[in-house]
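Peer 1: What follows is a predicted structure for the sequence shown.
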Amino acid sequence: MTPVTRVLLVAKKTTYRKFVVESPDLRITRLLEKGDESVRKLRKSHDDHEEAIAEVLAALDAIGVPYKRCESHALGVATKSDLVVTVGGDGTLLRASHEIGDSVPLLGINSAPRHSVGFFCYGKKGSARQALKDAIAGRLARADLTRMHVSLNGITISSRVLNEALYCHVSPAATSRYILRIEDPNGEAVEEEQRSSGLWIGPAAGSTAAQRSAGGRVLPLLSRKIQVVVREPYIAIGKTLRYRRGIVGKGGRVTLVSKMREAKVFLDGHERVSDVTIGDVMVMTAAEERLTVLGLRSAR
C-alpha cells in the first residue's frame, strides 16, 4: 500500500443542516417547533453527525497526517490524495465513490451506527481514531469491488456504479415495458419481451441491498458477476416467463431496449438519473475500473 501522506475528508450534509441551518424550509421549521414525530429525530441525528466529524478531525490532527475537507461533488482532487475518508453512511460513501478512480482507497466512517447499517463503513462514531490509524498504517484488508459500466445509445453515462441501476417507467404506478437481452461470455443470448415494475441490475456489492429485497441472491463480495432481478413481473394467463432473475458472468452483458416513451434509469440511488425513451438501448457490463474499500467485513 502507498504510504498515506495526504487524506481527503468528505462529510455528508444532514437534512437539518440543509433545510434548517443553511436554507430554512418553513414547513420543516414549524414541524420542529411543534415537536412533530416526522422530524423529531432530525436535530439528534444532526448533532451525532457533527460530533462524528469533530471526532475524525481531532483524530487526523492527533495522527499528524495532512488532510483536506471537501464536498463530494468536488472530489475531482481525490487523485491528489492517498486516502479518501467519508463520514456519514453508505449513501455518503456511494456518492463519493463516483468521483474516485481505482488508485485511491476509500475508508467509510459511520456517523450514526445506532440507526445506519453502514455496510461499506469500517469505522464508526466512537472509534474513528482507531479506524483511521489502522487505515493509515496499512493494517486494513482491501476489498477491490466490481463496478458496473452503463451506456445509453452507445454513450457512457457511468462506469462507476457500485450498488445497482434501477430501470423503470417514470411513474411507479405504470407498467415498465422493454426487451431484455442477456448475453453470456461465450456470446449465447436469451432475449425476452417483458412487462414488470422494472429491473434491478447491479454488481456484487449491491446484492445485499435492493437486489436481495427483490428476491435476488447475495453474491460473494469480490465477485466479478452482475445480477439481474425483474421487479414484480407480469405474466399473462397461460404464458410463462423465462427470465425473472439471473447472474451474468464476467465478460457478459445485459441489454435493455425501451418500449416506453417515458422511462428513467437511476444509478446508485435517486440523484444520478437519466431519461430513457422508446427505442433507446442501454448496455450494462462489469467495468474495468474497480473501487478499493478498506476494512469491509467480508474482506477481513
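Peer 2: Happy to help now that I have it. Model, not experiment: these values are computed from the prediction.
Peer 1: rest of the way, CA atoms for contacts and neighbours
Peer 2: Noted.
Peer 1: Pull the number of nearby residues for the closest residue to Ile53 other than its chain neighbours.
Peer 2: Spatial nearest neighbour of Ile53, chain neighbours left out: Val87 (6.7 Å); criterion: C-alpha to C-alpha, 6 or more residues apart in numbering. Neighbours of Val87 under the rule other C-alpha atoms under 10 Å: 28.
Peer 1: In terms of helices and strands, where is Val87?
Peer 2: Assessed by DSSP states H and E, Val87 sits inside strand 83-88.
Peer 1: Could you write out the alpha-carbon coordinates of that strand in PDB?
Peer 2: Extracted in PDB, the C-alpha atoms of strand 83-88 (Å, rounded to 0.1, in the frame of the first residue of the first chain):
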ATOM      1  CA  LEU A  83      -6.800   8.000   1.100                       C
ATOM      2  CA  VAL A  84     -10.400   9.300   0.900                       C
ATOM      3  CA  VAL A  85     -12.400   9.200   4.200                       C
ATOM      4  CA  THR A  86     -16.200   9.600   4.200                       C
ATOM      5  CA  VAL A  87     -18.200  10.500   7.300                       C
ATOM      6  CA  GLY A  88     -21.900   9.600   7.100                       C
END
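Peer 1: Let the chain start at 452 from now.
Peer 2: In the new count, where the first residue is 452, that last one comes out as strand 534-539.
Peer 1: got a list of contacts for it?
Peer 2: 455, 457-463, 500, 503-504, 529, 543-544, 547, 555-563 (C-alpha atoms under 8 Å, 6 or more residues apart in numbering).
Peer 1: Filter those residues down to the buried ones.
Peer 2: Neighbour counting with 16 or more other C-alpha atoms under 10 Å marks 457-463, 500, 503-504, 529, 543-544, 547, 555-563 as buried within the contacts of strand 534-539.
Peer 1: re earlier: gap between the residue nearest to Ile504 and Ala547?
Peer 2: As judged by C-alpha to C-alpha, to the nearest Å, Val538 and Ala547 stand 10 Å apart.
Peer 1: the helices in the stretch 602-751 of the chain, which residues?
Peer 2: Remark: helices assigned in the stretch 602-751 of the chain by DSSP state H, counting those that start in this stretch are 661-664.
Peer 1: now the strands for it?
Peer 2: 606-612, 616-620, 627-634, 640-647, 649-654, 677-682, 696-699, 704-709, 714-718, 723-727, 732-737, 742-745 (DSSP state E, counting those that start in this stretch).
Peer 1: now those as TSV including mean pLDDT and distance to Arg520?
Peer 2: TSV is the format used below for these (pLDDT from 0 to 100; distance: least, C-alpha to C-alpha, whole Å):
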stretch	mean pLDDT	distance to Arg520
strand 606-612	97	22
strand 616-620	97	29
strand 627-634	96	42
strand 640-647	94	43
strand 649-654	97	30
strand 677-682	96	34
strand 696-699	91	39
strand 704-709	97	38
strand 714-718	98	25
strand 723-727	97	23
strand 732-737	97	31
strand 742-745	96	19
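Peer 1: ranking those by burial, who's on top?
Peer 2: Using mean count of other C-alpha atoms under 10 Å, the stretch among the strands of the stretch 602-751 of the chain with the largest mean neighbour count is strand 649-654, at a mean of 28.
Peer 1: how far off strand 606-612 does that strand point, in degrees?
Peer 2: With axes from the mean of the first three to the mean of the last three C-alpha atoms, to 10 degrees applied, the angle from strand 649-654 to strand 606-612 works out at 60 degrees.
Peer 1: List the pairing partners of strand 649-654 within its sheet, with orientation.
Peer 2: strand 616-620 (antiparallel), strand 677-682 (antiparallel) (DSSP bridges).
Peer 1: how about the ones you listed in a markdown table, adding distance to Glu473?
Peer 2: Converted to a markdown table, those look like this (distance: least, C-alpha to C-alpha, whole Å):
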| stretch | distance to Glu473 |
| --- | --- |
| strand 616-620 | 31 |
| strand 677-682 | 38 |
